[in-house]
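**Q** make a model of this:
(2 chains)
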Amino acid sequence: MEPILSARDVSFAYDNYEEKQLPPIVLDDISLDIQPGEFVAVLGHNGSGKSTLAKHFNAILLPTAGTVYVNGINTKEEDRLYDIRQSAGMVFQNPDNQLVATIVEEDVAFALENLGVPPEEIRRRVDESLKAVGMYEYREHSPHQLSGGQKQRVAIAGIIAMRPKCIVLDEPTAMLDPQGRKEVLQTIRQLGGQFGITVVLITHYMDEAAQSGRVVVVDNGKVILDGPPRQVFSHVELLKSVGLDVPQATELAWLLRQDGYNLPDDILFEEECVQAIEKLLEEHHVSH
Amino acid sequence: MLKDITIGQYFPGHSVLHRLDPRMKILLTIGYIVMLFTVSNPLGLGVGILFLIFAYAISKIPPKMITKSLKPVIPIIIFTTLLNMFFVKGDPLVDWWIFHISRQGLLTAVVMTIRIICLIAGTSLLTYTTSPITLTDGLERLMKPLKKIHFPVHELSMMMTIALRFIPTLIEETDKIMNAQKARGADLESGGVIQRAKALVPILIPLFVSAFRRADELALAMECRCYRGDVGRTRMKQLHYSWQDGVAAAVTVLCIGMVVVVNIFAPVVF
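**A** All right, here's what the predicted structure looks like:
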């Protein structure tokens, strides 16, 4: 299958990095293929280049060297810019700064209006998208009446109304409270499951990454780990050495293993950890 | 405290006036204003007043809203009234020391006052019954022909929409910054005018910086949603004139016609 997003030997550097106090090379020879329908989490600490990478998937930034293909289109093809942006929608961190209109449904319609979709079709797709993110009842509200999580869901609806093949979310939960994070994450997971949209989630929350199908860890502009969450998070030392955490359950199991307890190294979620420890305690009991 | 500020004076409702097409409402309001100022006879003015009362009655806007909308213009009304009363020359009524009031002056003063009150009440009715966003929409579509002479109609309406969208956000932000500065010991409430104006500087600067940052991010988000000005742009909500718009137009045109007839055949009084 042809990958939906594909980065080939991509390097990127800002030309005015000195005045902006940025590292000279933000992306360093990255190659990454993302298949249709995948749910990929891109992990990295601040300044690792993960947001820069995300901006390449939408032709906001063009690589200094190498090529990026979105749905088979080279992002350097300027006359296909709107095809690219329609194939790969992008959701940003701050929910307030990406809503344009004063009414929720008008905002969801914004992209479709820009694309010149006929009015009846816009109406249909707006309703459909708002229902998909569970914000249909709020369609006539104004954005400032909504909570952060709700605003972010509206922003997601605005993107999926374009019917993109892929959606790139750049730390969509970083400014939300726990309740909002939960709502948004649930919506994101639904996108992949229900609509078959490829999801690229840029995040620094380990528990969000743990729920994905594939984790890509970026550090210093390089991909250092790439694989299913269980496999990636089993590299506890490596992750810690680049300033990242692992999910708490994984960390607990790792610490216990360090002390010589026999626990599996692919624990991700709390329940698994509880079961493993219970099992261990039982064995312990039996042996005494 | 800042949250109490409402921009625009929209008064939500479901009356016929609320449902009229914004373009029609704008046009009719302009027609009404022109009519008010061409009237030359008490009978014609009476028609204008009756029309306004009728419009307020079917809009179900509480009458006390009229006084509310008039409050800020009271100084202007008093000023024009006095000016007209004392400076229009004619048959003297009062002639005492430096004060000279003529019959014509008194009449013009009364008529001017009524005209201004009707003007304010009439235009307020437009903003009471039309939400700011609908109004912007209506204006954009009305001004569409101006595009031919390269007047940036779409850009202007986009600016207005974004301004309306960000007013609550920026007000909230101002509140936060004020609290943050107060927490650091800023004194915003005491002192004279100059001192208070100076105290605003540490609020305005962070507000501006953040507004620019927001603008930058918003522009990026708009680009990502394929915004490219009004090139090939469609709208979800189409405006359609309905039979109600026709009736409203007919009633208004009838009123204007009556005023014209009165103007021609009745004696010119003012």
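**Q** please make it C-alpha for all contacts and neighbour counts, starting now.
**A** Will do.
**Q** quick one: mean pLDDT for stretch B:236-248?
**A** The average pLDDT for stretch B:236-248 rounds to 89.
**Q** mind listing what's buried along it?
**A** B:Met236, B:Asp245, B:Ala248 (16 or more other Cα atoms under 10 Å in any protein chain shown).
**Q** and the last one, which of the three is it?
**A** This points to B:Ala248. Put simply, B:Ala248 is helix when judged by DSSP: H, G, I helix; E, B strand; the rest coil.
**Q** roughly how far does it sit from B:Arg19?
**A** Relative to B:Arg19, B:Ala248 is positioned 11 Å away (Cα to Cα, to the nearest Å).
**Q** what's the first-to-last distance across stretch A:53-70?
**A** 13 Å.
**Q** likewise stretch B:67-74?
**A** Using Cα to Cα, one end of stretch B:67-74 lies 10 Å from the other.
**Q** average pLDDT for that stretch?
**A** Stretch B:67-74 comes out at a mean pLDDT of 85.
**Q** that one: which residues count as buried?
**A** With burial defined by 16+ other Cα under 10 Å, the residues of stretch B:67-74 counted as buried are B:Ser69, B:Leu70.
**Q** could you look up the SS state of the residue of the stretch 151-288 of chain A found nearest chain B?
**A** Proximity of the stretch 151-288 of chain A to chain B (Cα to the nearest Cα) peaks at A:Ile159, 7.3 Å away. What three-state DSSP gives for A:Ile159 is helix.
**Q** and it, how far from A:Val108?
**A** 8 Å.
**Q** check B:Leu254 too.
**A** Taken as Cα to Cα, the span from B:Leu254 to A:Val108 is 42 Å.
**Q** could you do A:Arg257 as well?
**A** From A:Arg257 to A:Val108 the distance is 50 Å (Cα to Cα).
**Q** quick one, which of the two is more surrounded?
**A** Neighbour count, other Cα atoms under 10 Å in any protein chain shown: between A:Arg257 and A:Val108, A:Val108 has more, with 30 against 14.
**Q** give me every residue that touches the more buried one.
**A** For A:Val108, the contact set (Cα atoms under 8 Å, 6 or more residues apart in numbering or on different chains) comprises A:Val126, A:Ser129, A:Leu130, A:Val154, A:Ala155, A:Ala157, A:Gly158, A:Ile159, A:Ala161.
**Q** would you mind checking those residues for buried ones?
**A** Using 16+ other Cα under 10 Å, the buried members of these are A:Val126, A:Ser129, A:Leu130, A:Val154, A:Ala155, A:Ala157, A:Gly158, A:Ile159, A:Ala161.
**Q** which parts of chain A sit against chain B?
**A** A:58, A:60, A:82, A:85-86, A:89-92, A:96-102, A:106, A:109-120, A:122-123, A:143-144, A:159 (Cα under 8 Å from any Cα of the partner chain).
**Q** distance of the residue of chain B most remote from its centre from B:Arg103?
**A** Relative to the centre of chain B, the most outlying C-alpha is that of B:Trp97, 41.1 Å out, by Cα atoms, centre = their mean. Distance of B:Trp97 to B:Arg103, computed by Cα to Cα: 18 Å.
**Q** could you report the neighbour count for B:Val261?
**A** Look at B:Val261: counted by other Cα under 10 Å, it has 12 neighbours.
**Q** which pair of the contacts of A:Val108 spans the longest distance?
**A** Using Cα to Cα, the pair of the contacts of A:Val108 lying farthest apart is A:Val126 and A:Ala155, separated by 11.9 Å.
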